[in-house]
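K.L.:
structure, please.
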Amino acid sequence: MKRFLSIFLVSLLSLNLYSHPWKPSHYVIVDTDGGIDDMRAITMLLASPDVRVLAITVSPGALSAENAYIKVKSLLNSFYHEGIPVGINRSSNYKSPEYPVALQTFWGEEKGVSAIDAPDYLKMIGGILSAEKTKISFICLGSMSTAFLALQNIPDFRQHVKEFIWSADGSGYTGGFNYNIDKNAPTGILKQEILVKVVRKYELNNTEFYNEELIRTITALNNKYSKRISALFDTDIAKNHKFSFEGTDEMSALFLHFPDLFINKTAGNITDCTPSDLTGLRNGVVRILKGETASRNQVMRELPVDPSFYFEDISPSVKEIIDKYGIDEWTSGVLANELHRHLGVFAIIGVKMGIRAREYFNTGVDEFYAISFAGSIPPLSCMNDGLQVSTELKEINFIYGLDSNIYRELVRKNSIKYWLNLDRHEIFVIEEIQ
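P.N.:
All right, here's what the predicted structure looks like:
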């Protein structure tokens, strides 16, 4: 689905910008009931460049729909994915037990997050399906209540949804917690023609899925997604609850990426999917969290991160820029400035702006277009006079002239400084325009 965003840094670019077409393999809507395993599953889906999370809905289960909504919104906000729509299913009669472990698990900062004005799930799903032309997978991490009601009440649902992926426990799809929340929902969905893939929890040989080695490996990845999951295992809540170390709803995320790691038995439109390769599944978690599910580059496998590879003036800042803003901003900045043929402040700001827009929706480089209003006269037209960088460069330009070597050297020096010190989460104001 194409995204539209207006990002104001007082001025914007003024061209229609289109990128080379590339699509992830999976477009998904996720329904969650707020369990701790749901947090891991959603985080993995958000981390994968081969998955596009179009929307998340919440329904009662481990938590009430209202508390699950707060958890999901806080998680998305913590990743700066505020643009992903979240809808709430208040139609279910199920009364959540509000499991203490789920309620106390930290997904993100909850201050200021409320479910009072949360969008209705049916209206939101209908809007997503009408805008997205690619067929989607509907992933149910709790009950199938939301999926079943959407199937009944959204006329085009059958044409736009290619499959249901439902997380179930070891007893299969006719028993267990997720089944008992709303028995009518799976009964109804299993009778219709859309494919249903029932993914079981991992319970081979009674082995804990998250062992010490896997947790250490996740922690060492040190990106925003791995940090959220590894932080869970540092809490007393997780350490004292066996469920925290089991592989349950995250098996759905693994199945989406690596179905060959499961034993899949199909009868009619139903496929029973049982995890079978423990080593492969654990490696799959790492690959997803590292973002290694799709190639990001077209010619090079990756850009060097070794500071010694770069010129002496920028070498001291390489690691700090990557640690502060991520590898995406670093590689995009390197490529943009090489294409630009000099290291410039305005190119750096443009990179930060584009990364922030993609981050807001958690979308790919080929799934939105930008309309920019910066004009075509370099270099000052690219930024508003209110920016400090523009003021400083005006003075440099006035003294030395645009074509002087001193001007170019000072531009380069300032560009490195601003690349290092300007945080894309602080310098842009994002507004939704109707």
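K.L.:
from here on, contacts and neighbour counts on C-alpha atoms
P.N.:
Fine.
K.L.:
ok, now which ones touch residue 78?
P.N.:
108-109 (C-alpha atoms under 8 Å, 6 or more residues apart in numbering).
K.L.:
what about the closest residue to residue 217 other than its chain neighbours, neighbour count?
P.N.:
Leaving out its chain neighbours, the residue that sits closest to residue 217 by C-alpha to C-alpha, 6 or more residues apart in numbering is residue 286, at 7.5 Å. Counted by other C-alpha atoms under 10 Å, the residues lying close to residue 286 total 19.
K.L.:
check which helix or strand covers residue 286.
P.N.:
helix 278-290 (DSSP states H and E).
K.L.:
also residue 117?
P.N.:
Applying DSSP H and E, one finds residue 117 in no helix or strand.
K.L.:
backbone torsions only: list them for it.
P.N.:
phi -100, psi 20 (degrees, to the nearest 10).
K.L.:
how about residue 32?
P.N.:
Torsion angles, degrees, to the nearest 10, at residue 32: phi -130, psi 150.
K.L.:
report the central residue of this structure.
P.N.:
residue 46 (2.7 Å; C-alpha atoms, centre = their mean).
K.L.:
in CSV, could you pull the C-alpha coordinates for the helix holding residue 286?
P.N.:
Provided in CSV are the C-alpha atoms of helix 278-290 (Å, rounded to 0.1, in the frame of the first residue of the first chain):
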residue,chain,number,x,y,z
LEU,A,278,15.3,-26.5,16.6
THR,A,279,18.7,-25.3,15.3
GLY,A,280,17.2,-23.9,12.2
LEU,A,281,14.4,-22.1,14.1
ARG,A,282,16.8,-20.5,16.5
ASN,A,283,19.0,-19.4,13.6
GLY,A,284,15.8,-18.1,11.9
VAL,A,285,15.1,-15.8,14.9
VAL,A,286,18.6,-14.3,14.6
ARG,A,287,18.3,-13.9,10.8
ILE,A,288,15.0,-12.1,11.2
LEU,A,289,16.2,-9.8,13.9
LYS,A,290,19.3,-9.0,11.9
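K.L.:
going forward, count from 5.
P.N.:
Okay, residue one is now 5; in that scheme the one you just asked about reads as helix 282-294.
K.L.:
for it, buried residues please.
P.N.:
282, 284-286, 288-294 (16 or more other C-alpha atoms under 10 Å).
K.L.:
just stretch 318-325 next, same as before
P.N.:
Residues of stretch 318-325 classed as buried by neighbour count (16+ other C-alpha under 10 Å): 318, 322, 325.
K.L.:
mean confidence for it?
P.N.:
For stretch 318-325, mean pLDDT is 92.
K.L.:
start and end of that stretch, how far apart?
P.N.:
Between the opening and closing residues of stretch 318-325 lies a distance of 10 Å (C-alpha to C-alpha, to the nearest Å).
K.L.:
name the residues that touch that stretch?
P.N.:
By C-alpha under 8 Å, 6+ apart, stretch 318-325 touches 309-313, 334, 420, 423-424.
K.L.:
can you list those in a markdown table and add secondary structure and pLDDT?
P.N.:
A markdown table is the format used below for the contacts of stretch 318-325 (DSSP: H, G, I helix; E, B strand; the rest coil; pLDDT from 0 to 100):
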| residue | secondary structure | pLDDT |
| --- | --- | --- |
| 309 | coil | 86 |
| 310 | coil | 91 |
| 311 | helix | 91 |
| 312 | helix | 92 |
| 313 | helix | 91 |
| 334 | helix | 81 |
| 420 | helix | 81 |
| 423 | helix | 76 |
| 424 | helix | 84 |
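K.L.:
so residue 172 touches residue 205, yeah?
P.N.:
Yes - when contacts are counted by C-alpha atoms under 8 Å, residue 172 is listed as touching residue 205 (6.5 Å).
K.L.:
ok, those two, which is more surrounded?
P.N.:
Counted by other C-alpha under 10 Å, residue 172 and residue 205 do not tie: residue 172 has more neighbours, with 29 against 23.
K.L.:
and residue 267, what element?
P.N.:
Going by DSSP H and E, residue 267 is part of strand 266-271.
K.L.:
and that strand, which residues are buried?
P.N.:
Within strand 266-271, the residues that qualify as buried are 266, 268, counting by 16+ other C-alpha under 10 Å.
K.L.:
convert that strand to CSV, retaining C-alpha atoms only.
P.N.:
What follows is strand 266-271, C-alpha atoms only, in CSV (Å, rounded to 0.1, in the frame of the first residue of the first chain):
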residue,chain,number,x,y,z
PHE,A,266,8.1,-27.2,10.0
ILE,A,267,6.3,-30.5,9.3
ASN,A,268,3.3,-29.4,7.2
LYS,A,269,0.3,-31.7,6.8
THR,A,270,-2.4,-30.4,4.5
ALA,A,271,-6.0,-31.6,4.4
